[in-house]
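# Below are the sequence and a predicted model; questions follow.
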Amino acid sequence: MAFSANDLAKVRFAISPMWEVAPSFRLLASDTAHPVHRPWIEQARPRVLAAGLDRGWLAELIGPSGYVPDFLTPAPVQPAPAPAAEWDAILASPADRVRQDLDHLARHQGHLGPRLSSLHAAPSARLAKLVQEIRKYWELALAPYWARIRAVLDADVFHRARTVAEHGTGHLFNGLHTSVSWDGDALTLVRRKRGMSRQSAGAGLLLIPSAFTGPGLRTRVRPPDPPQLAYPARGVGRLWETRPAIGTRALAPVLGRSRALLLTELETPASTTELAHRTGLSPAGVSQCLTALRDAGLVSAHRVGRWVLYARTAAAETLLDASSV
């Protein structure tokens, strides 16, 4: 793909929740053991199966491999849009674009399932059902872990931005992935089945770090949007590593012993009952402390069926990191 000075000026990064939905769902549906994401799979898969999402819209849209419809990954307008903003963009997808993507998917899969056939027949009427399921999947599988995932993605963008500042855009492209090369005015992607030309893509380039894309690259070329290039984020290999236990001594005088203890116990998302079992605190006491931590922006709550999972926020991670120094 050739780059003009205008295209280079429009190269930007974005963090996209929807670029995590499709590859993570595909990973949960696979029976293959994953060396990096196994801890997350063991926690998230039972919830997704219990909700029946392995038999829903996403199961028909996202096969074991190959093409994923482009309308599922709308071009992020902001550097880090909220999930709801991307869902709104999916709801606003033009009917003819949805049908084109589904036709392309049918050529890959050989047919469309009953849900996708109904979506093809009436995109405007059916997209709301699809987005409802995406919301449910997000809450079950990704929202409780988003602060942790987001920290890795943010760190990647910071590193790449610093590379541009210190060495220029060419050095950025050549260090992005082994299948990407830059020769001064053109970006080449090895093993991409179809070429990327300016006639088939919008201006600029959107670079999207991802935790779940796997070792390869994923592309989306749909004018007038800029081409999107999703690549494995740096540091993903350490995403689910158990961190050294952080003592509560430094935080206890500030938060109180019980709240500090609960915050350190939320290394992985957990329910009130599970936290009470782990800590020896009463369920009522745990609930009261979690409410206070949530009001302070240190904990987020995510409903999973009859249960509510609590997770540390990015602010809590920062606080814990600072207290461990």
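Now that the structure is in, tell me what you want to look at.
# going forward, measure contacts between C-alpha atoms and count neighbours the same way
Will do.
# Could you check how far the nearest residue to Val221 once chain neighbours are set aside is from Glu317?
Among residues not flanking Val221 along the chain, Pro227 sits closest, at 4.7 Å (C-alpha to C-alpha, 6 or more residues apart in numbering). If you measure Pro227 against Glu317 using C-alpha to C-alpha, to the nearest Å, the figure is 34 Å.
# repeat for Pro223
39 Å.
# These two: which is more packed in?
Taking other C-alpha atoms under 10 Å, Pro223 and Glu317 do not tie; Glu317 has more neighbours (19 against 13).
# where's that one, which helix or strand?
Per DSSP states H and E: Glu317 is located in helix 314-323.
# other SSEs contacting that helix?
Judged by 3 or more C-alpha pairs under 8 Å, 6 or more residues apart in numbering; DSSP states H and E, the packing partners of helix 314-323 are helix 146-167.
# May I have the helix it packs on as PDB, with CA atoms only?
The C-alpha trace of helix 146-167 is given here as PDB (Å, rounded to 0.1, in the frame of the first residue of the first chain):
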ATOM      1  CA  TRP A 146     -10.800  -4.900  30.800                       C
ATOM      2  CA  ALA A 147      -8.800  -2.800  33.200                       C
ATOM      3  CA  ARG A 148      -6.000  -5.300  33.000                       C
ATOM      4  CA  ILE A 149      -6.200  -5.800  29.200                       C
ATOM      5  CA  ARG A 150      -6.400  -2.000  28.700                       C
ATOM      6  CA  ALA A 151      -3.200  -1.500  30.700                       C
ATOM      7  CA  VAL A 152      -1.300  -3.700  28.200                       C
ATOM      8  CA  LEU A 153      -2.800  -2.000  25.200                       C
ATOM      9  CA  ASP A 154      -2.100   1.500  26.600                       C
ATOM     10  CA  ALA A 155       1.500   0.500  27.300                       C
ATOM     11  CA  ASP A 156       1.900  -0.800  23.700                       C
ATOM     12  CA  VAL A 157       0.600   2.500  22.300                       C
ATOM     13  CA  PHE A 158       2.900   4.500  24.500                       C
ATOM     14  CA  HIS A 159       5.900   2.400  23.400                       C
ATOM     15  CA  ARG A 160       5.000   2.800  19.700                       C
ATOM     16  CA  ALA A 161       4.400   6.500  20.000                       C
ATOM     17  CA  ARG A 162       7.800   6.900  21.600                       C
ATOM     18  CA  THR A 163       9.300   5.000  18.800                       C
ATOM     19  CA  VAL A 164       7.800   7.400  16.300                       C
ATOM     20  CA  ALA A 165       9.100  10.400  18.300                       C
ATOM     21  CA  GLU A 166      12.600   9.000  18.600                       C
ATOM     22  CA  HIS A 167      13.100   7.200  15.200                       C
END
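# list the buried ones in the helix or strand following that helix?
Downstream of helix 146-167, the next assigned helix or strand under DSSP H and E is helix 169-174. Residues of helix 169-174 classed as buried by neighbour count (16 or more other C-alpha atoms under 10 Å): Thr169, Gly170, Leu172, Phe173, Asn174.
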